[in-house]
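*Asks:* Give the three-dimensional model of this entry:
(3 chains)
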Amino acid sequence: MADVPKPEELAKIDHTPPETPWMETPAVLKDGMWCYGAHPKNLEIVDMPNPREWSPRDEDWKLPDNWKEIVLDGMKDRLGKFRSFKLFMDICVRCGACADKCHYFIGSGDPKNMPVLRAELLRSVYRKNFTLGGKLFKKLAGGRDLTMDVFKEWWYYLFQCSECRRCSVFCPYGIDTAEITIIGRELINLLGCNIDWIQAPVANCYRTGNHLGIQPHAYVSMIEFFCDEIEDVTGVRVNPTFNRKGAEILFITPSGDVFADPGTYTAMGYLILFHYLESMGLDITWSTYASEGGNFGFFTSHEMAKRLNAKMYAEAERLGVKWILGGECGHMWRVVHQYMDTFNGPPDFLEEPVSPITGTKFEHAKSTKMVHICEFTADLIRHNKLKLDPSRNDNLVVTFHDSCNPARAMGFLEEPRYIIKNVCNNFYEMPSNTIREETFCCGSGAGLNAGENLELRMRGGFPRANAVKHVHEKHGVNMLACICAIDRAALPTLMEYWVPEVEVTGVHELVGNALILDGEKKRTTDLRGEPLPGMEDIEDEDL
Amino acid sequence: MSAQKSILYPLVAVLVLILIPVIGVKLGLSYFFAVVVPYAAFVIFFGGILCKIVNWARSPVPFRITTTCGQGKSFDWVKHNKFDNPFTNKQVFVRMVLEVLCFRSLFRNLKMELRDGPKLTYGSAKWLWLGALAFHWSFLIILLRHMRFFAQPVPGFVDMLQSVDGFFELGVPQLFLTDAVIVAALTYLFLRRVVVPQLRYISLPSDYFPLFLLFGLILSGIGMRYFFKVDIIKVKELAMSLVILKPTVPEGIGALFYVHLFMLCVLFAYFPFSKLTHMAGVFLSPTRNLANNSRYKRHVNPWDYPVKVHTYEEYEEEFREKMKEVGLPVEKE
Amino acid sequence: MKIYDGRKIIPGILIAAVIFSFPFWLNFGKAAVPPKPKLPKEVKNCVEPTTFMRTSHMQLLNEWRDIVVRENFRLFAAPDGKEHLMSLQNGCLKCHESKADFCDQCHNYLDVKPYCWDCHLAPKENK
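*Replies:* Numbering: from 1, shown residues only, chains lettered A, B, ... in the order given. Okay, the predicted model is just below:
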């Protein structure tokens, strides 16, 4: 792993493009900016092509002899399957509106990270092979041959795109680079050239139900460990159930919440909330088979996304639940909201989701039958069903990071804010051009959250971190809330690098802190075990 | 290809294209340039665009990939941003109207700046929006104004456009605002490509070529109106003969007219094979023209196919003993 | 050949086709009638050659107006050596008697609305 330069060094970014034209500037793999290649066994588990030992650093990527044919045929096939792809190959006018919208371009200054140029990497090959102008006029029409250098360039830059879709907000034709990256990565996967940081979670998820490869017994013990922690903090024992048939609701959250801090505290937040609602009629179960909300298949191919996503409905049907509740996660919700029903629906065996506590019909989810936990909680708060003590989050000055996918694929902007404002007393927004639909990616989305590409992540996360720094300096913000598991995994490193005084939390961790449970003891710490200022003293006085 | 070449090649190409009708008419080929070329260009334009749209339409939209640019529809008490995040087809219609007529997305444009600190700032950057809007609207109005050559009597809307466009009554013939605006807008659109380093870097010959063509088209038009007069009675006679499909070519229309007409024909014929198809494509963009209601209403993928999944049975088979150890219910004991 | 979303795309194409072919169907089956401005019987030559007058009379008249109004000078030396009075009503209209039969012929044909008659009195036409 390459050393990451110091923040002061990294922030010296030159956005002027080089002298040589981009088509004549082959990509040079820079350490710290790329991820290791997929391990053969991880390809084999899911029957993907060309499993072999290889490294992107090697000259020879060990591709089949007819690799060019495979890629071009794959391209042709996808042009026929996706109008988006065909259209986005044709209609870009290179107006440049997207150029400085990409966090990777802002953070790296590499012109091929301008969304327009990232797409041109594919477009040039498209023109040369699939359009009359490109066939006749070749370079003059902006066409070029698919060579090994071009393919490696694709690989390098398609794994420097986190599919965040910020550029698509600004494009006058709505050209969505994520769509181009998704399809470009499909082509790369035809030759077995995925990165292992995506391929390993895919293989794990396929076999064990979650990206981290947690086996069922371990999954259960982790959550039981959380129950112990919760008991320590609150004095109340929560009793989640697993794989329970006949429950009303199936709960699915990204496995990151069960495995790594600070996501684990968010998971505790869920557990506390479910326990609180149990006496009010909530009948919910977790699943070890469908123990992953996230979907790294989505970063591999549409087919793999569908294969992994299938578990959600399958498990819901097996358990006989009425509807599904989903945890806080970004791309999970892109898949659930925009793809799941199409992939694996219609879920006729489920019922239209209704909150058992408030009776609210989640009408906007009546076909997919899956509800976001922030919708669920916001509705509870709106109906005054939760006893909350926001002062238990008074040690925090909170800002909210809109995760790319809920923001730009759902328009899920107000619900999490509504919750935060009800469970915290100190909330400040980041500058308006860095939140909501204009939010910046954490820099590690779409499967780029590896260790070996840390420089890329710190560069890509720079715009987000810089906005956090702004509110940190202005309002003393010390907690960055988000509703995405990749955020919770990636942002702490990013904060440590750029704004070391700020920590990261899920929204439901804040809920867990504020929620007043029946029979709980006086809370002297938050869920992280950190003392709540003032609370200890009060306890002493009471004695 | 270097930036210089990317500019030079299309420039030379357009200059050659300007010379072709000039020489052609001198050689007595006025019928070819006044009749054959325009009809051919028209057919290529229509046929080409039609093929392009049909070609796009032959690929389905398998997934509902709306880009949402505002609060989505959820609870009654959450204010729904209807036009940046449409839920119904009517709302989509409004979104598309705003996009096509007002360039809504371009209006959001920002300019990023990296300052010492380091500090990133995002300033409003409406010039591109303004330039693009000015160019497209001027072009449309100019095109409509030209209907005075293609209809007899001239339709009322043309008269209205002319009087609004010539509102200031400057000069004789009176100056049309759109003529001035389109030259300014086009100049801006050209200059930003040349001056802004990133734009120069991404620009292809096929970005400059239509710009130069448009310059040729517009400057020859302006030249005819204000400086190098041609006999527009004869121009209209030709135009009318073309639209009633009985082409006759009046003698003695100035050569500049043939340049103007040829530029237009080249532009039309080039249209379907170029990025200019964004005119039709913008209507088909799936991130804009779909309602964000995919959890409310199921979207069907026409080429959906069954995939291999890892079933619960296979999963339990592998982990049954471990599941039993921690008390997880199993299907088979 | 399968077309997707044809129910939206095909009407869209038709609407666009109708709009773009507007000049064709608007004039369908009509004959094009070129304008026939009525020329003076006695006088054969105008102040400048006909080709020039056809394309540039508006600029000439504009110059005349400026000279007359600003410099109070009314004589125009034509290229053929003759002198003419620079005047719309007492010059041009002496030969071109009828606005309707002469000016309006081409002006209406091309939808040109000169502002001559904002100030000048239009000649009374014999109906």
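*Asks:* how distant is stretch A:144-161 from the center of its chain?
*Replies:* 24 Å (CA atoms, centre = their mean, to the nearest Å).
*Asks:* What of stretch A:432-440?
*Replies:* On CA atoms, centre = their mean, the centre of stretch A:432-440 falls 16 Å from that of its chain.
*Asks:* now stretch A:312-323
*Replies:* Worked out by CA atoms, centre = their mean, stretch A:312-323 lies 24 Å from the chain centre.
*Asks:* That one close to chain B?
*Replies:* Yes: with CB under 8 Å from any CB of the partner chain as the criterion, chain B is reached by stretch A:312-323 at A:314-315, A:318. The way it works is simple: take the backbone N, C-alpha and C, and place the C-beta from them, glycine included.
*Asks:* Restricting to C-alpha, output that stretch in CSV.
*Replies:* In CSV, the C-alpha atoms belonging to stretch A:312-323 read as follows (Å, rounded to 0.1, in the frame of the first residue of the first chain):
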residue,chain,number,x,y,z
MET,A,312,-34.7,-10.4,0.3
TYR,A,313,-38.0,-11.4,-1.2
ALA,A,314,-37.1,-15.1,-1.0
GLU,A,315,-36.6,-14.8,2.7
ALA,A,316,-39.7,-12.6,3.2
GLU,A,317,-41.7,-15.3,1.4
ARG,A,318,-40.2,-18.1,3.4
LEU,A,319,-40.8,-16.5,6.7
GLY,A,320,-44.3,-15.4,5.7
VAL,A,321,-43.9,-11.8,6.8
LYS,A,322,-46.2,-9.0,5.6
TRP,A,323,-43.6,-6.5,4.6
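*Asks:* What lies in contact with that stretch?
*Replies:* A:243-250, A:252, A:285, A:287, A:289-290, A:324, A:336, A:340, A:344-345, A:347, A:349-354, A:369-371, B:309, B:311-312 (CB atoms under 8 Å, 6 or more residues apart in numbering or on different chains).
*Asks:* and if we set it to 7 Å?
*Replies:* Stretch A:312-323 has contacts (CB atoms under 7 Å, 6 or more residues apart in numbering or on different chains) with A:243-250, A:252, A:285, A:287, A:289-290, A:324, A:340, A:344, A:347, A:349-351, A:353, A:369-371, B:312.
*Asks:* Filter these down to the buried ones, PyMOL style.
*Replies:* Applying 16 or more other CB atoms under 10 Å in any protein chain shown to those, the buried members can be selected in PyMOL as follows:
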select buried, (chain A and resi 243+244+247+248+249+250+252+285+287+289+290+324+340+344+347+350+353+369+370+371) or (chain B and resi 312)
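*Asks:* So which of the contacts of stretch A:312-323 belong to helices?
*Replies:* The members of these that map onto helices under DSSP state H are A:344, B:312.
*Asks:* What distance do you get for the residue positioned nearest the centre of chain C to chain B?
*Replies:* Centroid-nearest residue in chain C, with CA atoms, centre = their mean: C:His107, separated by 2.9 Å. Distance from C:His107 to chain B, counting by CB to the nearest CB, to the nearest Å: 10 Å.
*Asks:* mean confidence score for the helix of greatest length in chain C?
*Replies:* What stands out as the longest helix in chain C, according to DSSP H, is helix C:50-71. Here helix C:50-71 scores 91 as its mean pLDDT.
*Asks:* tell me which strands and helices it is in contact with?
*Replies:* On a contact count with 3 or more CB pairs under 7 Å, 6 or more residues apart in numbering or on different chains; DSSP states H and E, helix C:50-71 meets no helix or strand.
*Asks:* so does the helix or strand B:Met323 falls within get close to chain A?
*Replies:* Following DSSP states H and E, the helix or strand that holds B:Met323 is helix B:312-325. Yes: counting by CB under 7 Å from any CB of the partner chain, contacts between helix B:312-325 and chain A involve B:312, B:315, B:319, B:322-323, B:325.
*Asks:* now do stretch B:88-96
*Replies:* No: using CB under 7 Å from any CB, stretch B:88-96 stays clear of chain A, with a minimum separation of 10.0 Å.
*Asks:* now the strands for the chain?
*Replies:* As the question left the chain open, I've gone with chain A. A:249-252, A:284-286, A:323-326, A:370-372, A:398-401, A:479-482, A:503-506 (DSSP state E).
*Asks:* Correction: the question concerned chain B.
*Replies:* With DSSP E as the criterion, chain B has strands spanning B:110-115, B:119-124.
*Asks:* now these in CSV, with mean neighbour count, mean pLDDT and distance to A:Asp379?
*Replies:* Compiled in CSV, the strands of chain B are given as follows (neighbours: other CB atoms under 10 Å in any protein chain shown; pLDDT from 0 to 100; distance: least, CB to CB, whole Å):
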stretch, mean neighbour count, mean pLDDT, distance to A:Asp379
strand B:110-115, 15, 95, 34
strand B:119-124, 16, 94, 34
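*Asks:* Between these, which one is closest to B:Thr187.
*Replies:* strand B:110-115 (20.2 Å; CB to CB).
*Asks:* Could you pull up the contacting residues of the closest residue to A:Pro201 other than its chain neighbours?
*Replies:* Excluding the flanking residues, the one nearest A:Pro201 by CB to CB, 6 or more residues apart in numbering or on different chains is A:His211, at 3.5 Å. With contact taken as CB under 7 Å, 6+ apart, A:His211 is in contact with A:201, A:204-205, A:255, A:292, A:294, A:296.
*Asks:* Just the closest of these to chain C, please.
*Replies:* A:Phe296 (29.6 Å; CB to the nearest CB).
*Asks:* Give me the distance between the nearest residue to that closest one once chain neighbours are set aside and A:Ala267.
*Replies:* Nearest residue to A:Phe296, sequence neighbours excluded (CB to CB, 6+ apart): A:Pro201, at 4.1 Å. Plainly put, A:Pro201 is 18 Å away from A:Ala267 if you go by CB to CB, to the nearest Å.
*Asks:* and the two? which has more neighbours close in?
*Replies:* A:Ala267 (31 against 26; other CB atoms under 10 Å in any protein chain shown).
*Asks:* picking that back up, what lies in contact with the longest helix of chain C?
*Replies:* B:172-173, B:229-231, B:233, C:46, C:48, C:73-74, C:76, C:86, C:114.
*Asks:* Please report how far the closest residue to B:Phe176 other than its chain neighbours lies from B:Ser138.
*Replies:* Counting by CB to CB, 6+ apart, B:Phe176 lies nearest to B:Asp165, which is 4.6 Å off, once chain neighbours are set aside. As for B:Asp165, its distance to B:Ser138 is 9 Å (criterion: CB to CB).
*Asks:* and for those two, which residues touch both?
*Replies:* B:Thr178.
*Asks:* Mind checking which of those two has more residues around it?
*Replies:* In this view B:Asp165 and B:Ser138 are compared by other CB under 10 Å, and B:Ser138 has more residues nearby, 23 against 20.
*Asks:* pretty sure the more buried one is touching B:Phe176, no?
*Replies:* No: using CB atoms under 7 Å, B:Ser138 makes no contact with B:Phe176, being 9.1 Å away.
*Asks:* OK, contacts around B:Val309?
*Replies:* A:307, A:310.
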